[in-house]
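**Student:** sequence and computational prediction follow.
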Amino acid sequence: MLTITIPEGEFYNDQKKQFVTTPSKTLNLEHSLISLSKWEAKHHKPFLANNSNDAHTVDDDIDYIRCMTLTKNVEPIVYYAITLDVMKQVNEYIQDPMTATVIRRPPGTSNKSSKFVTSELIYYWMISCNIPFECEKWHLNRLLTLIDVCNASNSHVKMNPVDVSARNQALNEQRKKELHTTG
């Protein structure tokens, strides 16, 4: 969970033709599958897009903060006072892996999917991996790492003999260099 404080702000309301002051507010946020689902239900587009054409607007990002908010009874106007510093804190929190687990992939492979990832797809992955729905409240990156671990543990893909031989030869050459030997 991330706790942020949105400072007091002042805005001009065009409709009322007057200045409006927003109070300072401390919010508790959670970047979770639940937050992602709320945002996608409202915007009808994937939040986790691998395509630069699907980049978020500032309004999209502010609305995602609304969806992440666990604090009750927050006046909607408070979100207009989000500063760049607060946005930076939120983005750093969203990018944090929240785990010590590192998935090592063979060279030439990537964890980036060419298709977009939606909350429903993540729920499907959870069901496929027998991950309990209580995990939908976890930090999203931690949940996605758990799904990767389950998939890696369940896949028993054998390398072809040519790839095994090439990998072993490269490892042997590396060790010879490190140990200053000829074999």
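**Tutor:** Done, it's in.

**Student:** and stretch 138-145, what's buried?
**Tutor:** If you call a residue buried by 16 or more other Cβ atoms under 10 Å, then stretch 138-145 has these buried ones: 138-145. C-beta coordinates here come from the backbone N, C-alpha and C atoms, glycine included.

**Student:** out of the residues you listed, which are inside helices?
**Tutor:** Among those, DSSP state H puts 140-145 in helices.

**Student:** just the strands from this protein, written as ranges.
**Tutor:** Along the chain, the stretches classed as strands by DSSP state E are 2-6, 9-13, 18-22, 25-29.

**Student:** nearest to N91, out of those strands?
**Tutor:** strand 2-6 (10.6 Å; Cβ to Cβ).

**Student:** ok, E173 - how many residues close by?
**Tutor:** The tally of other residues near E173 (other Cβ atoms under 10 Å) stands at 11.

**Student:** and what of Y123?
**Tutor:** Quick note: Y123 (other Cβ under 10 Å) scores 15 neighbours.

**Student:** what's the closest non-adjacent residue to it?
**Tutor:** Counting by Cβ to Cβ, 6 or more residues apart in numbering, L33 is the residue found nearest to Y123 once chain neighbours are left out, at 7.2 Å.

**Student:** the one you found and L146: what is the separation?
**Tutor:** According to Cβ to Cβ, to the nearest Å, L33 stands 11 Å off from L146.

**Student:** list the contacts of stretch 23-41.
**Tutor:** Around stretch 23-41, the neighbours that count as contacts under Cβ atoms under 8 Å, 6 or more residues apart in numbering are 1-8, 46-48, 63-65, 67-71, 74-75, 78, 90, 93-94, 118-119, 122-123, 135-141, 143.

**Student:** quick one, which of those are buried?
**Tutor:** Buried members of the contacts of stretch 23-41, scored by 16+ other Cβ under 10 Å, are 2, 4, 6, 46-48, 63-65, 67-70, 78, 90, 93-94, 118-119, 122, 136, 138-141, 143.

**Student:** which of L33 and L146 has more residues huddled nearby?
**Tutor:** More neighbours surround L33 than the other of L33 and L146, with 21 against 18 (other Cβ under 10 Å).

**Student:** show the end-to-end separation of stretch 15-27, please.
**Tutor:** 28 Å (Cα to Cα, to the nearest Å).

**Student:** show the average pLDDT along that stretch.
**Tutor:** The pLDDT scores in stretch 15-27 average 90.

**Student:** any buried residues in it, and which?
**Tutor:** Residues of stretch 15-27 classed as buried: 22, 25, 27 (neighbour count, 16+ other Cβ under 10 Å).

**Student:** export those to TSV and tack on distance to K38?
**Tutor:** What follows is these, written out as TSV (distance: Cβ to Cβ, whole Å):
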residue	distance to K38
T22	23
K25	19
L27	15
